[in-house]
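> here is a sequence together with a model predicted from it:
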Amino acid sequence: MADIKSFKTIALSFPGSIEMPHFEKTSFRANKKIFATLDQQHKVGCVKLNEIDQSVFCAIDKLLIYPVKNKWGKNGWTLIDLTRIDKRLLKEILATAFNAINKKPTKMKKGTKENPWELKTPPGSSEYTMYTDESVNPPILVCTVGKTILHYKFDCLAQLHTMLKQHGDWMELGSADEQKPAKPGTVEEWGRSPENPNGGWYGLKKGFRGRFGMYIPPLMELLGMAELEHNPKNNRMRAK
């Protein structure tokens with residue numbers, strides 16, 4: 001688990017990062033810009049994220065990572081409970097905040113067209129990539145499987161995570177093509193149900209709107225949002 005010391009160590013590990021007082025808190029800066037602050041008394045960290053990154057990280061656990069409750073939160077400032085977060089996730093969040101203001105990122109941001117997430121289907125039998133396309137509004141997830149390209153609404157990550165949290169247990173993936181019916185009670189069925197928050201298909205390309213239960217769960221596992229089984233078939237997932 002992380003703590004105040006590890007927050008400082010990670011924040012100062014980035015090239016050019018310095019520590020300075022900021023009112024009653026400690027700030028961490030690069031290129032004369034603040035990318036994180038630390039409230040040692042309350043054991044809370046705060047980072048500046050863009051809208052997409054804030055949405056993804058907050059979806060992991062809204063009691064662990066959550067926007068500041070005012071206009072600052074709407075501008076990307078995000079609080080982190082340092083009493084419960086693990087070091088791996090904290091390092092990823094701080095690196096994302098640092099790279100956002102650093103003209104020469106220490107590592108190219110993952111999940112972009114230039115540097116997509118590299119994934120495998122739950123059984124591990126096929127490889128594919130995904131990235132967030134922020135050039136459209138609202139943003140979408142672009143999934144490339146061989147020569148086939150699929151699109152899914154970006155909101156599906158947070159909304160599926162919320163549903164799984166409420167479900168409170170493992171749920172079968174039940175992947176199926178658009179032309180085939182989805183097995184009841186599966187992630188695939190929820191991803192096309194008129195009862196989900198989207199009101200229907202999260203898939204956007206007609207004829208390729210299915211396979212939600214195949215391609216979205218591994219991304220959620222990679223982002224730390226879910227646990228996923230990796231059996232030859234009948235795999236399940238549950239929220240973290």
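Perfect, thanks for sending it.
> residues in contact with the nearest residue to Leu82 once chain neighbours are set aside?
Closest residue to Leu82 apart from its sequence neighbours, by CB to CB, 6 or more residues apart in numbering: Lys43 at 4.7 Å. Placement of C-beta: from N, CA and C, glycine included. Counting by CB atoms under 8 Å, 6 or more residues apart in numbering, Lys43 makes contact with Asp3, Ile4, Asp81, Leu82, Thr83.
> please apply the same query to Trp77.
Cys46, Val47, Lys48, Leu49, Pro67, Val68.
> for it, list each beta-bridge partner.
Lys48 (DSSP bridges).
> spatially nearest residue to Pro138, not counting backbone neighbours?
Nearest residue to Pro138, sequence neighbours excluded (CB to CB, 6+ apart): Phe154, at 6.4 Å.
> and the residue nearest to the spatial centre of the chain, what element?
When CA atoms, centre = their mean is applied to the chain, the residue found nearest the centroid is Val56 (3.3 Å). If you go by DSSP states H and E, Val56 is part of helix 51-60.
> show me how far the helix or strand following that helix is from its chain's centre.
Heading C-terminal from helix 51-60, the first helix or strand you meet, by DSSP H and E, is strand 65-67. When distances are taken as CA atoms, centre = their mean, to the nearest Å, strand 65-67 is centred 13 Å away from the chain's centroid.
> got it, and stretch 25-33?
For stretch 25-33, the distance to the chain centre is 25 Å (CA atoms, centre = their mean).
> restricting to C-alpha, output that stretch in CSV.
Output of stretch 25-33 as CSV, limited to C-alpha atoms (Å, rounded to 0.1, in the frame of the first residue of the first chain):
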residue,chain,number,x,y,z
LYS,A,25,0.0,21.8,1.6
THR,A,26,3.1,20.5,-0.3
SER,A,27,3.1,21.0,-4.1
PHE,A,28,5.1,19.1,-6.7
ARG,A,29,6.0,21.0,-9.8
ALA,A,30,7.6,20.6,-13.2
ASN,A,31,8.0,23.3,-15.9
LYS,A,32,6.8,25.8,-13.3
LYS,A,33,3.4,24.1,-13.2
